[in-house]
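*Asks:* Coordinates for the following, if possible.
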Amino acid sequence: MPMIPYCELKRVATELTTRCECILFGSLGLQMAYPQVLPDAPHDVDLFAAGNRDNLVQIITLLRDNGYLVYSWQDPIVAGFDWEILRGRFYFRGVKKILGYEPAIIDVTYEIAGLQYEELDVLTQKVEGIKTLTKDGFICALGRCEKEKHLLECEMLKRL
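*Replies:* Numbers count the residues shown, from 1 in each chain. The predicted structure follows:
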């Protein structure tokens, strides 16, 4: 069974959170900052990014420069891409095949209903050189989720 390429995931998360307006959140961020609340190992990178076009273009360019194929749903984001398609789709995904590993997957969310990037940007810390959420940041983000597992993680964080 192929392994998760954690070194690649952390490398790209470091580059993107350093060079762009984005924050590591999701299971990899939880594993790095608060591993005691995570029941399962993460398998991808989840970033929350400022949704302005220049920032999204920079993230997509860096992903492609690092060998990732980038998609908005099933539509490849390539030269000549209609940027208006991104509106209302909430996220895009970068995928990179690595021999002997599961594909590296980077999900970049740029729209969360009722939550602005700037609200979470003030609730960040550096963990292993990666800009990720603080405990309060994770509580804020997870508290808006609908999945039971995320709400349980939120409750566990509150008890820490």
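*Asks:* List the contacts of the helix-or-strand element of the chain with minimal mean pLDDT.
*Replies:* In the chain, no helix or strand scores lower on mean pLDDT, DSSP states H and E than strand 75-76, which sits at a mean of 87. Residues from elsewhere that reach strand 75-76, judged by CB atoms under 8 Å, 6 or more residues apart in numbering: 69, 70, 81, 85. (Each C-beta comes from the backbone N, C-alpha and C, glycine too.)
*Asks:* Tell me, how many residues neighbour residue 105?
*Replies:* 17 (other CB atoms under 10 Å).
*Asks:* How is it assigned, secondary-structure-wise?
*Replies:* For residue 105, the assignment made with DSSP: H, G, I helix; E, B strand; the rest coil gives strand.
*Asks:* Report pLDDT for it.
*Replies:* Model confidence at residue 105, given as pLDDT, is 97.
*Asks:* With residue 40 instead?
*Replies:* Residue 40 carries a pLDDT value of 85.
*Asks:* Name the secondary structure element that contains the closest residue to it other than its chain neighbours.
*Replies:* Spatial nearest neighbour of residue 40, excluding adjacent residues (CB to CB, 6 or more residues apart in numbering): residue 27 at 7.4 Å. Here residue 27, judged by DSSP states H and E, is contained in helix 26-33.
*Asks:* Let me know the average pLDDT across that helix.
*Replies:* pLDDT averaged over helix 26-33 gives 94.
*Asks:* Enumerate the positions of that helix that are buried.
*Replies:* 26, 27, 28, 29, 30, 31, 32, 33 (16 or more other CB atoms under 10 Å).
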